[in-house]
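Asker: Sharing a model prediction with you, sequence too.
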Amino acid sequence: MAINLHSFLENYFEAHHCDIISNQDGVLKIQLNEKMDRALMNRPFYWHYIKKMGRDGDPMQLTLITNQDSLEERGERIHFGSPRLQQILTHLKENERFTRLFQIIQANQNTALQPWLVVNIKISYIGKHKKDELFSIGLNLINGIMQTEMMESLYNKEFGMKISDFCYTITPIIKPKSGYKRILSVLDQYIQDLDHEWAKESLHELENEMNLLKHFYEGAHDEEIVQMEKELQDLKERYQPKIEMKVVNGGIFYLKGN
């Protein structure tokens, strides 16, 4: 059900008009444009200098390795939880949280476009260790059909900000807010059905650490007790298992029906 990381990265860079130089065996080589270089490569002084000199600049190339078994060494290994992926998700969250797009159709007769609510969501399992999952879910706001890995299904379609000639939109029967609640309900059920052994292990580790700390402070008084309470709280924040669900971005996509 979770989104394919490699496909997600392909879609992300193509949507931001970066050229894919090569794409094979889980190794993605991208030529960044200026906008994405500024967003991802942390070179503010370079771009300040270049613009001051009146030059165009030279955006960098980025090689991302999603296949952890790959022997390729010239690039960044990227996975759920890696700093680079967190940076990309943050960029999406801050700059493109919600959109409305129309499928580009070369039509010569009236063609209906159905509204789909598409939401990309990150679920984080936080405890002794942290694990992230990305989900891309689409909900047809006319008939209620729900589709997982939605972004992958949109990969080969073209979209624009304006509706194509001879096309018209169908008014949603399901309100976007109601559709969003349906999507969250499906993800809640997914979480409930998981094996949460990781949470039990985290709680066990928390208990051990707290007992060890209390033993260390045995016989303590006044200020030492205050310090112990602070450290106990820090342990709880560190090991207490919790699950967080955050919307990365989403939107309404108007698609031609089958």
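Answerer: Arrived safely, thanks for sending.
Asker: Could you use CA atoms for every contact and neighbour count after this?
Answerer: OK.
Asker: List phi and psi for Met151.
Answerer: Main-chain dihedrals, Met151, degrees, to the nearest 10: phi -60, psi -30.
Asker: domains of the chain?
Answerer: Domain segmentation of the chain under automatic domain parsing yields 1-96, 99-196+241-258, 197-240.
Asker: Reformat those domains into JSON lines and put mean neighbour count and mean pLDDT next to each item.
Answerer: Output for the domains of the chain, formatted as JSON lines (neighbours: other C-alpha atoms under 10 Å; pLDDT from 0 to 100):
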{"stretch": "domain 1-96", "mean neighbour count": "15", "mean pLDDT": "89"}
{"stretch": "domain 99-196+241-258", "mean neighbour count": "16", "mean pLDDT": "92"}
{"stretch": "domain 197-240", "mean neighbour count": "15", "mean pLDDT": "90"}
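Asker: Please, where are all the strands along this structure?
Answerer: 19-24, 27-31, 61-65, 76-77, 98-103, 111-126, 130-140, 146-148, 159-160, 167-169, 242-256 (DSSP state E).
Asker: and of these, who's closest to Lys175?
Answerer: Relative to Lys175, the nearest member of these by C-alpha to C-alpha is strand 111-126, separated by 9.5 Å.
Asker: got the angle between that closest one and strand 98-103?
Answerer: Counting by axes from the mean of the first three to the mean of the last three C-alpha atoms, to 10 degrees, strand 111-126 lies at 140 degrees to strand 98-103.
Asker: got the CA coordinates for strand 111-126 in CSV?
Answerer: C-alpha atoms of strand 111-126 as CSV (Å, rounded to 0.1, in the frame of the first residue of the first chain):
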residue,chain,number,x,y,z
THR,A,111,-15.6,15.2,-22.6
ALA,A,112,-16.3,14.9,-18.8
LEU,A,113,-13.6,15.1,-16.3
GLN,A,114,-14.2,13.5,-12.9
PRO,A,115,-12.8,15.0,-9.7
TRP,A,116,-10.4,13.0,-7.6
LEU,A,117,-9.1,13.9,-4.2
VAL,A,118,-5.4,12.9,-4.1
VAL,A,119,-3.6,13.0,-0.8
ASN,A,120,0.1,12.1,-0.1
ILE,A,121,0.5,11.3,3.6
LYS,A,122,3.5,10.3,5.7
ILE,A,123,3.0,8.0,8.6
SER,A,124,5.8,8.0,11.2
TYR,A,125,6.3,5.2,13.8
ILE,A,126,8.3,6.8,16.6
